[in-house]
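J.: I need the structure of the sequence given here:
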Amino acid sequence: MSDPRICIVGAGGHATRRIYPYIAAAGARLVGVCDLDEEKARRNAGRFGGNAYTDMQAMLDAERPDGVMVYIGQKPPAPDAAAALELARLSRRTGVLCTTAFKKRYSLAYARAKEFIESFPPEGLLCLSVVRASGRYSNESARSDLLLDFGIHGVDLMSYLGGEARRVFAFTADFHAYAVSIRFACGAVGSFCLNDGRSFQIPTEEVEITLAGGNFMSIHNSACWRIARANQPDEWREPPTFTAAGDSGNETGHLAEIADFVAAIQEGRSTRSNIHESYKSMILYEAVRASARTGRPVAVQYESP
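T.: Numbering: from 1, shown residues only. Predicted structure coming up:
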């Protein structure tokens, strides 16, 4: 297949900075831009290519793209796990790829972490911890909810690295901070700490992975990592420039996730963050939410897509 023809729905600030510039770099061609604000649609079409639209169906009918990317401010794949499951089943039934922009799965650091974990037997994973912090959230709506908006990336990261969960116990400080304990199906335990008492400008993200036999990995702000094998230093990476705040598409995962989507279209395959995997993360999110609200442990159950 030649370069896939891509349409984008949404021309807001984040997409304009972090998505549109990577379309060509990922090997695709932008043919349509849609936004309810015609001025924004025309602006991005003029900057990055394609025709401008204010009606999504009109754009799809006219352009007949190979893929569509939607950026409308909602980070989760659906409002809840039930809706995500419905999408997963629809994707499986129709054979149409549906994927979620869970960028942490595509960060160089976490892609390396996944490889590191999978280089050992599943039962080798002992402990996984993720700490994330942001600026203040109002928690007045879904789009301003700390756990669903900012925290969902950490929840998905726990799901990606630890696999399916079996039990969750969470505490919250007025929904502006969370302390979460997780028992994974593989036997490992995990912790997820989240709060909005810091800054949007200064990233705070620390990840620790421990496997049996003196094998462990530390990751700082999605960019720097250190690996030890059998109690000995084995690998160390520190980028020459600080890029974890969003200056590199591969450090943050923005470029890598688009490249995976484009390659999946060309190769007729699925992606690392397909809707089936995203459904599992939404199940984990709802377990955290339920436990935080009730103060009780929650058993985690998944349905088959």
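J.: Give the other helices and strands that the helix or strand harbouring residue 276 contacts.
T.: Assessed by DSSP states H and E, residue 276 sits inside helix 275-294. Helix 275-294 sits against helix 81-94, helix 151-162, strand 165-172, strand 177-184, strand 298-299, with contacts defined as 3 or more Cβ pairs under 8 Å, 6 or more residues apart in numbering; DSSP states H and E. For the C-beta atoms, the positions are set from N, CA and C on the backbone; glycine is no exception.
J.: now, of these, which is deepest in the fold?
T.: Comparing the helices and strands packed on helix 275-294 by mean neighbour count (mean count of other Cβ atoms under 10 Å), helix 151-162 ranks first with a mean of 25.
J.: Need the residues that contact that one.
T.: 75-76, 102-105, 110, 113-114, 117, 125, 128, 130, 132, 147, 165, 178, 182, 184, 186, 188, 190, 192, 194, 205, 207, 209, 273, 277-278, 280-281, 284-285, 288 (Cβ atoms under 8 Å, 6 or more residues apart in numbering).
J.: Buried members of those into PyMOL, please.
T.: Burial among the contacts of helix 151-162 is assessed by 16 or more other Cβ atoms under 10 Å; the matching PyMOL selection reads:
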select buried, resi 75+76+102+103+104+105+110+113+117+125+128+130+132+147+165+178+182+184+186+188+190+192+194+205+207+209+273+277+278+280+281+284+285+288
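J.: Now do the strands for the protein: every range, in order, please.
T.: Assigned strands in the chain, in chain order: 5-9, 29-34, 51-53, 67-70, 125-133, 165-172, 177-184, 189-195, 204-211, 215-220, 224-229, 232-237, 298-299 (criterion: DSSP state E).
J.: and the last one, what other elements does it pack with?
T.: To tie it back to what came earlier, the one meant is strand 298-299. Using 3+ Cβ pairs under 8 Å, 6+ apart, strand 298-299 sits against strand 165-172, helix 275-294.
J.: hmm, 7 Å instead?
T.: helix 275-294 (3 or more Cβ pairs under 7 Å, 6 or more residues apart in numbering; DSSP states H and E).
J.: Residues in a beta bridge with the closest residue to residue 198 other than its chain neighbours, which ones?
T.: Spatial nearest neighbour of residue 198, chain neighbours left out: residue 133 (4.1 Å); criterion: Cβ to Cβ, 6 or more residues apart in numbering. Residues in a beta bridge with residue 133, per DSSP bridges, are residue 195, residue 204.
J.: Figure out which of the strands of the chain is closest to residue 264.
T.: strand 67-70 (8.7 Å; Cβ to Cβ).
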